[in-house]
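In: Build me a model from this:
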Amino acid sequence: MTGHRSLLTALLAAAAIVWLPHPGAEAAAAARPGPIEFLKANDARAKALLAGAPGDSLPAALRDSLKREINRAFDFETLSRLALGDHWAARTPAERAHFVATFSAIIQEQNFDSFVRYYREGQIAYQRETVNGDTARVVAVVPLRREQIEIEYALHVAGDAWQVFDLVVDGVSTAEGNRRRYARYLEKNPYDQLIAQLDKQLARLREGLP
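Out: Predicted structure coming up:
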């Protein structure tokens, strides 16, 4: 019996060792800024660039730098996968790469227009964060000239940093809205036609057209 107890004790000790959190993971989590701190830092870098603008119009080089700074907080591959929903699995690697590139560029253009307005008209006020392991939610309000917008950021840890994978604006999820819209479109049209429409949308956005 003593031998069995010793064996059981050894097995339990080995299991405890296996399931101990990796010390490197704990250190990385402890060193990582919180979600609100991460978002504020990203805002500060973007607003510093915007403050250097000579006027309301932005030179092309400054516009490109500002766009990169605003969008560096986003996980565009996850955004793209969520937008296609169940249709993602049926796509080839080449089709996925094309979709990610086009869809990401569309979101980047839209983010640029939205966040430049937020920075110019109001101060993003981060109200609270809820962290659950490697995922988090952050609620913020943006008081604009004629309205107040509530934004909920959905974030997860990608690599060793937080990344935004969805924005819920006034209760409407960007990821869910895109998923429903594309699903309805693909019920009636082939996938290639969806991509052609997205390519056209991106071209219009880059030309400053509605």
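
In: C-alpha from now on. contacts and neighbour counts both.
Out: OK.

In: in what helix or strand does the nearest residue to residue 173 once chain neighbours are set aside lie?
Out: Spatially, and ignoring its direct neighbours in sequence, residue 173 is nearest to residue 167 (5.9 Å; Cα to Cα, 6 or more residues apart in numbering). Using DSSP states H and E, residue 167 sits in strand 161-169.

In: ok now stretch 68-84, how far from the chain's centre?
Out: Mean-position distance between stretch 68-84 and its chain equals 5 Å (Cα atoms, centre = their mean, to the nearest Å).

In: The biggest helix by length in the chain: what's the following helix or strand?
Out: Longest helix in the chain by number of residues (criterion: DSSP state H): helix 93-121. Heading C-terminal from helix 93-121, the first helix or strand you meet, by DSSP H and E, is strand 125-132.

In: how about that next one: buried residues?
Out: By neighbour count with 16 or more other Cα atoms under 10 Å, strand 125-132 contains the buried residues 126, 129.

In: what distance separates that strand from the middle of the whole chain?
Out: With Cα atoms, centre = their mean as the basis, strand 125-132 stands 15 Å off its chain's centre.

In: So for the strand ranked longest in the chain, what gets flagged as buried?
Out: Scanning the chain for the strand with the most residues, using DSSP state E, yields strand 148-158. Neighbour counts over strand 148-158 (16+ other Cα under 10 Å) mark 150-157 as buried.

In: For the longest helix of the chain, buried residues please.
Out: Within helix 93-121, the residues that count as buried by 16+ other Cα under 10 Å are 96, 99-100, 102-109, 111-112, 115-116, 118-119.

In: Pretty sure residue 109 sits against residue 204.
Out: No. If you go by Cα atoms under 8 Å, residue 109 and residue 204 don't touch, sitting 10.5 Å apart.

In: Name the helix or strand of the chain that has the lowest mean pLDDT.
Out: Of all helical and strand segments in the chain, the minimum by mean pLDDT, DSSP states H and E falls on helix 2-19, at a mean of 39.

In: What is the burial count for residue 168?
Out: Residue 168 has 17 neighbours, counted by other Cα atoms under 10 Å.

In: same question but for residue 180, I mixed them up
Out: Neighbourhood size, residue 180 [other Cα under 10 Å]: 14.

In: host element of it?
Out: Residue 180 belongs to helix 174-188, assigned by DSSP H and E.

In: Which helix or strand lies directly C-terminal to that helix?
Out: helix 191-206.

In: who touches that next one?
Out: Helix 191-206 has contacts (Cα atoms under 8 Å, 6 or more residues apart in numbering) with 99, 102-103, 105-106, 109, 182, 185-186, 210.

In: Kindly provide the distance from residue 201 to residue 110.
Out: Here the criterion is Cα to Cα, to the nearest Å. By it, residue 201 lies 11 Å from residue 110.
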